[in-house]
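Asker: turn this into a structure:
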Amino acid sequence: MDPKYVGQIERAKTNPSINLLANIASALDISLPDLFMFSPEKYIVDKNEFGNLRVTDLIKGKSQEFQQITLRVVKALIE
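Answerer: Reported below is the predicted structural model:
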């Protein structure tokens with residue numbers, strides 16, 4: 001899948017099919033409904049604990065494919 005197309009999906013510039021969304025959820029090793037769920041409180045980190053938070057802790061136990069996707073996303077954010 002073209003990264004530009006993924007960006008268009010994220011920015012709601014295009015309407016992906018349900019099958020494509022199911023494939024994305026599968027690649028991320030999450031359920032299709034979880035693809036649409038966001039709980040801000042899940043991501044709130046006490047400023048004193050922030051230094052201890054590592055991406056590796058967040059992806060521990062996830063599939064190899066999920067970890068590789070996460071690494072690519074983190075690299076893209078940093079660059």
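Asker: list the buried ones in the longest helix seen in the chain?
Answerer: When the chain is parsed with DSSP state H, its longest helix is helix 64-78. Of all the residues in helix 64-78, those buried under the rule 16 or more other Cβ atoms under 10 Å are 67, 69-70. Every residue, glycine included, has its C-beta placed from N, CA and C.
Asker: residue 21: which element?
Answerer: helix 18-27 (DSSP states H and E).
Asker: tell me how this protein divides into domains.
Answerer: Listed domain ranges for the chain are 1-37, 38-79 (source: automatic domain parsing).
Asker: please identify the most buried of the ones you listed.
Answerer: domain 1-37 (a mean of 12; mean count of other Cβ atoms under 10 Å).
Asker: what about that one, how long is it end to end?
Answerer: 22 Å (Cα to Cα, to the nearest Å).
Asker: what average pLDDT does it get?
Answerer: If you average the pLDDT over domain 1-37, you get 88.
Asker: gap between it and the chain center?
Answerer: 10 Å (Cα atoms, centre = their mean, to the nearest Å).
Asker: same thing with stretch 23-43?
Answerer: So, by Cα atoms, centre = their mean, the centroid of stretch 23-43 is 7 Å from its chain's centroid.
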